[in-house]
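>>> after the sequence you'll find the predicted model.
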Amino acid sequence: MIHILLVEDDTEIIKNLTAFLQKEGFSVSSATGQREALDFLEQHTETDLILLDVSLPDGNGYAVCAAVKANSDIPVIFLTASADEYSVVTGLDMGAEDYIAKPFRPRELVSRIRSVLRRCGKTLSVLDLGNIRIDASSGTVQKNGQELFLSALEYRLLLVFAGHKGQVLSRDKLLEEIWDMAGEYVNDNTLTVYIKRLREKIEDNPQKPEIIKTIRGLGYRAD
């Protein structure tokens, strides 16, 4: 499981964001200030990613980021109400992997988190989509506890949907994501065939899919 440290002094944000991230399959710890965050990191080297507010009561997020980057390769995403160019550049120049301004949509944040984790080689070993469980470490897929047998391309396609849960993916985006992993030529028509085959294996009723939904005119979304 991916362990996230949320460094934020707003207790309401901590409460709501922690609950949301836990539902998305993350383990979340929190710190409300600079000193508390640095003390936590000294004792918890298993931390996989830091969500870091810029404004803290006893310092600032930049100091935390500098300390983190001096001693580890833990990825950092800044959270802040300040969206001006200077703040963005300062955070990225200090080594932060991404930057998102408040107020933000929780699903957008989750998408950014997963993108950063992929770029940094840190991935969720177990992913859930409805009653489908994907164990990326063993390459197995289960539906209601029973193992499913997917082709390599079907499996890759399922991983793409699971990694972008709640996000609308265009057909072009899906083709881009599976292109390098496909052992055969994949075009738009082939993609349609593989989505149909995948639905036949994971959906209770492939004619009325509940896991991989068609968003008319836009693409697909996995819930």
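Alright, I've got the coordinates.
>>> how is this protein carved up into domains?
Following automatic domain parsing, one gets these domains for the chain: 3-119, 126-222.
>>> going by mean pLDDT, which of these comes out lowest?
Of all the domains of the chain, the minimum mean pLDDT falls on domain 126-222 (a mean of 86).
>>> gap between the most far-flung residue of the chain relative to its centre and Cys65?
Among the residues of the chain, the one whose C-alpha is farthest from the average of all C-alpha positions is Asp58, by CA atoms, centre = their mean at 29.5 Å. Per CB to CB, to the nearest Å, Asp58 is found 15 Å from Cys65. All C-beta atoms are positioned from the backbone trio N, CA, C, and that covers glycine.
>>> distance of Val68 from Val7?
As judged by CB to CB, Val68 and Val7 stand 10 Å apart.
>>> which parts of this structure are helices?
Counting by DSSP state H, the chain has these helices, from start to end: 11-23, 34-43, 61-71, 85-93, 106-119, 152-163, 171-179, 188-202.
>>> and Asp135, which of those helices is closest to it?
Asp135 lies closest, by CB to CB, to one member of the helices of the chain: helix 152-163, at 11.1 Å.
>>> report the buried residues of that closest one.
Leu153, Glu154, Tyr155, Arg156, Leu157, Leu158, Leu159, Val160, Phe161, Ala162, Gly163 (16 or more other CB atoms under 10 Å).
>>> next one: it to chain centre, how far?
Distance of helix 152-163 from the chain centroid (CA atoms, centre = their mean, to the nearest Å) equals 15 Å.
>>> got it, and stretch 94-107?
Mean-position distance between stretch 94-107 and its chain equals 12 Å (CA atoms, centre = their mean).
>>> same check on stretch 25-42?
Here the centre of mass of C-alpha atoms in stretch 25-42, compared against the chain's by CA atoms, centre = their mean, lies 19 Å away.
>>> please name the spatially closest residue to the spatially most central residue of the chain (chain neighbours excluded).
Computing the C-alpha centroid of the chain and ranking residues by CA atoms, centre = their mean puts Arg114 first, at 2.2 Å. Using CB to CB, 6 or more residues apart in numbering and skipping residues adjacent in sequence, the residue nearest Arg114 is Gly163, 5.5 Å away.
>>> got it, and Gly33?
Using CB to CB, 6+ apart, the closest residue to Gly33 is Asp58 (4.4 Å).
>>> give me every residue that touches the one you found.
Gly33, Gln34, Arg35 (CB atoms under 8 Å, 6 or more residues apart in numbering).
>>> ok so, going back, ok, so of the buried residues of helix 152-163, who is nearest Asp93?
Within the buried residues of helix 152-163, proximity to Asp93 (CB to CB) peaks at Gly163, which comes in at 28.2 Å.
>>> and that closest one, how far from Leu109?
Here Gly163 is placed at a distance of 15 Å from Leu109 (CB to CB).
>>> ok so, going back, shared neighbours, Val68 and Val7?
Applying CB under 8 Å, 6+ apart, one finds that Val68 and Val7 are jointly contacted by Ile50.
>>> neighbour count for these two, which is higher?
Here Val68 and Val7 are set side by side on neighbour count (other CB atoms under 10 Å), and the busier one is Val7, at 28 against 23.
>>> surely the more buried one and Arg35 touch.
No. At 10.8 Å, Val7 and Arg35 do not qualify as touching, with contact defined as CB atoms under 8 Å.
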